[in-house]
Structure formats: structure tokens, C-alpha cells
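Trainee: Please find the sequence and the predicted model below.
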Amino acid sequence: MRVFLLLFLLFPIVELALLIKVGSAIGVLPTLLLVIGSAILGSVLLRVAGLATAWRAREKLARGELPEQEMLEGLTIALGGGLLLLPGFISDIFGVFCLIPFTRRLLVNKLRQRAAEQAMRQRAFADELARQTRPGSARPDAARPDAPRPNVIEGEYERRD
């Protein structure tokens, strides 16, 4: 959390320093035109790519499929367009990476992979917790009455064909 806070505070300073450096190298007017041009480009790309992704998601929904890839791509497109709207060159570079289809798909696939790994870790933790709280087993958490217990209904059944 502290690293994120440090980066959050450091990012505008680095952006401003780079804007000053570029402005002193190419001049104030070309730098302003670059910043305004990237904002306009970001809004246009955000609209075009966002609409294309929305249409793909709508087609998947019409086929009865879950448009998870399209939803994550739409989120990445929104992030990229927002970064292009921010003044500064570093945010523009990250915004372009979010809007290029190849890098956007790489980013989305990496995000899906990390989410799947996180779900597996949570599932393993929940399975271990259920194993520890199973009635009749040697419970290491027996001293803790507030330990979570699964909802289990025991019973018998008979199959009649």
C-alpha cells in the first residue's frame, strides 16, 4: 500500500518534469499541441474501440455466451482512453499500450491468469478451512467457538427406479 501511495505521489512530479524537459527541447507550443493532440486522439480511440468492443460483447450475449473477454477489454480501453486524456507523456505511453489490440489482449490475458490464480488460492484456502471444521474430525480450531462452520445437512437417501 505504501508503494502505491509513493507512486501515486511521485507520478505527477515525474510527468511534470518530463513535460518541462520536452518543452525546453522542442518549445512550448509544440509541447502543448502534442498534449492536446493526444487528448483528442484518446477520446476518438476511446469512442471507436469502445463501440467495437460493445458490439462484440452484444453478439456474444445474443449467442448466449458470457462476454468476459470483451468486458475486460472494454475496461482496458476505458483505462487507456482515460490515460490519454491526462496531460503528460508517460500516461500517454501507457494509454496507447492499453488501446493497441495486441498489447491490450496480452494485458487482459495476464489479468485473467492472475484472477484465476487468485481464485485457486481462495478455493484452496476454503477447502482447507472446510476440512478443519468438519464434524467428527480432529479439529485444530476446536478451542475457537467463533470459527466458521460449513452448512452441512446430514441424511440418508434411497434411490427408487
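Mentor: Good, I have the coordinates.

Trainee: Quick check: closest non-adjacent residue to the spatially most central residue of the chain.
Mentor: Against the mean C-alpha coordinate of the chain, by Cα atoms, centre = their mean, the closest residue is Leu111 at 6.1 Å. Nearest in space to Leu111, with sequence neighbours left out and distances taken as Cβ to Cβ, 6 or more residues apart in numbering, is Leu72 at 6.2 Å. In short, each C-beta sits where N, CA and C put it, glycine included.

Trainee: Which pLDDT value does the model give that neighbour?
Mentor: Confidence at Leu72, expressed as pLDDT, is 86.

Trainee: can you pull the contacts of it?
Mentor: Shown in contact with Leu72 (Cβ atoms under 8 Å, 6 or more residues apart in numbering): Val108, Leu111, Arg112.

Trainee: now Leu79
Mentor: Shown in contact with Leu79 (Cβ under 8 Å, 6+ apart): Gly95, Cys98.

Trainee: chain center to the helix or strand where it lies, what's the gap?
Mentor: Assigned by DSSP states H and E, Leu79 belongs to helix 68-85. Remark: helix 68-85 is offset 9 Å from the chain centroid, using Cα atoms, centre = their mean, to the nearest Å.

Trainee: Over to stretch 104-116?
Mentor: Here stretch 104-116 is found 8 Å from its chain centre; the criterion is Cα atoms, centre = their mean.

Trainee: Please apply the same query to stretch 151-161.
Mentor: The chain centre lies 43 Å from the centre of stretch 151-161; the measure is Cα atoms, centre = their mean.

Trainee: Show me what counts as buried in it.
Mentor: Within stretch 151-161, no residue counts as buried by 16 or more other Cβ atoms under 10 Å.

Trainee: Switch the contacts of Leu72 over to TSV; also include pLDDT and secondary structure.
Mentor: Listed next are those as TSV, based on pLDDT from 0 to 100; DSSP: H, G, I helix; E, B strand; the rest coil:
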residue	pLDDT	secondary structure
Val108	89	helix
Leu111	87	helix
Arg112	88	helix
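
Trainee: Among the residues you listed, which one sits closest to Leu41?
Mentor: Nearest to Leu41 among those, counting by Cβ to Cβ, is Val108 at 21.6 Å.

Trainee: Surely the closest one touches Glu70?
Mentor: No. Assessed by Cβ atoms under 8 Å, Val108 is found out of contact with Glu70, at 9.5 Å.

Trainee: and stretch 91-110, C-alpha only, in PDB?
Mentor: C-alpha atoms of stretch 91-110 as PDB (Å, rounded to 0.1, in the frame of the first residue of the first chain):
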ATOM      1  CA  SER A  91       0.400   8.400 -19.200                       C
ATOM      2  CA  ASP A  92       0.100   8.700 -22.900                       C
ATOM      3  CA  ILE A  93       2.500   5.800 -23.500                       C
ATOM      4  CA  PHE A  94       0.600   3.600 -21.000                       C
ATOM      5  CA  GLY A  95      -2.700   4.700 -22.600                       C
ATOM      6  CA  VAL A  96      -1.500   3.700 -26.100                       C
ATOM      7  CA  PHE A  97      -0.400   0.300 -24.800                       C
ATOM      8  CA  CYS A  98      -3.900  -0.200 -23.400                       C
ATOM      9  CA  LEU A  99      -5.500   0.700 -26.700                       C
ATOM     10  CA  ILE A 100      -3.300  -1.300 -29.100                       C
ATOM     11  CA  PRO A 101      -5.200  -4.600 -29.700                       C
ATOM     12  CA  PHE A 102      -2.200  -6.800 -29.400                       C
ATOM     13  CA  THR A 103      -0.900  -5.400 -26.100                       C
ATOM     14  CA  ARG A 104      -4.500  -5.000 -24.800                       C
ATOM     15  CA  ARG A 105      -5.100  -8.700 -25.300                       C
ATOM     16  CA  LEU A 106      -1.800  -9.600 -23.600                       C
ATOM     17  CA  LEU A 107      -2.700  -7.400 -20.700                       C
ATOM     18  CA  VAL A 108      -6.200  -8.900 -20.400                       C
ATOM     19  CA  ASN A 109      -4.900 -12.400 -20.700                       C
ATOM     20  CA  LYS A 110      -2.400 -11.700 -17.900                       C
END
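
Trainee: Understood, closing this out.
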